[in-house]
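In: Mind folding the following:
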Amino acid sequence: MFNSLNYNLSRRNQQNLETLATKVIVFTFPERIQAGRSLPEIRFPYRGVTSNLTFTSQDKLEREFSLQVQKINEESYRQGRSDWQLISHVILPEGAKFGQVPVTEEVNKGDIFRVFFTEGGLKGITIELSIVLDFV
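Out: Now for the predicted structure:
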């Protein structure tokens, strides 16, 4: 019984650490979006690895819709360069209100993220990018 109790406590502690080590960047678009890059562009102040991308929509999507999440390092951003890297291209299916896809991409301290819409017309969409922090 003692070993079982230790195992359960250890497992619970591991789950708590994973929860505490995960940060989320949230992009919210309440108004009708236009095709192209969108604001805000968000700086992430830690090192880590992305784990998943989640989207929610206030209404069911009337058609298939695609978007990209991109990043650029802080130095390139400050210099005004346009070498944004694609970290995820997501196709949201018709009729969806919620979706989640795994994304594994290294994140460096100071990386800046944005959403690029390949087409416009949607409104009331939220995109969450989960990042597990690297404590090394």
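In: For the rest of this, base every contact and every neighbour count on C-alpha atoms.
Out: Fine.
In: where's T118 relative to S76, distance?
Out: 23 Å (Cα to Cα, to the nearest Å).
In: Would you quantify the distance from the nearest residue to S57 once chain neighbours are set aside to T50?
Out: Here the nearest residue to S57 in space, its sequence neighbours aside, is I125; by Cα to Cα, 6 or more residues apart in numbering that works out to 4.4 Å. Here the distance between I125 and T50 works out to 20 Å (Cα to Cα).
In: Could you check how far the closest residue to D134 other than its chain neighbours is from T104?
Out: Nearest non-adjacent residue to D134, counting by Cα to Cα, 6+ apart: G48, 4.5 Å away. For G48, the distance to T104 under the criterion Cα to Cα works out to 10 Å.
In: now swap in A21 and tell me
Out: Spatial separation of A21 from T104 under the definition Cα to Cα is 16 Å.
In: still on that earlier bit, can you report how many residues neighbour the residue nearest to D134?
Out: G48 has 22 neighbouring residues, counting by other Cα atoms under 10 Å.
In: Contact partners for it?
Out: With contact set as Cα atoms under 8 Å, 6 or more residues apart in numbering, G48 has these partners: E106, V107, N108, I131, V132, L133, D134.
In: Adding pLDDT and secondary structure, write those out as JSON lines.
Out: Conversion of the contacts of G48 to JSON lines gives the following (pLDDT from 0 to 100; DSSP: H, G, I helix; E, B strand; the rest coil):
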{"residue": "E106", "pLDDT": "96", "secondary structure": "strand"}
{"residue": "V107", "pLDDT": "97", "secondary structure": "strand"}
{"residue": "N108", "pLDDT": "97", "secondary structure": "coil"}
{"residue": "I131", "pLDDT": "96", "secondary structure": "strand"}
{"residue": "V132", "pLDDT": "94", "secondary structure": "strand"}
{"residue": "L133", "pLDDT": "94", "secondary structure": "strand"}
{"residue": "D134", "pLDDT": "88", "secondary structure": "coil"}
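In: Nice, that's everything, thank you.
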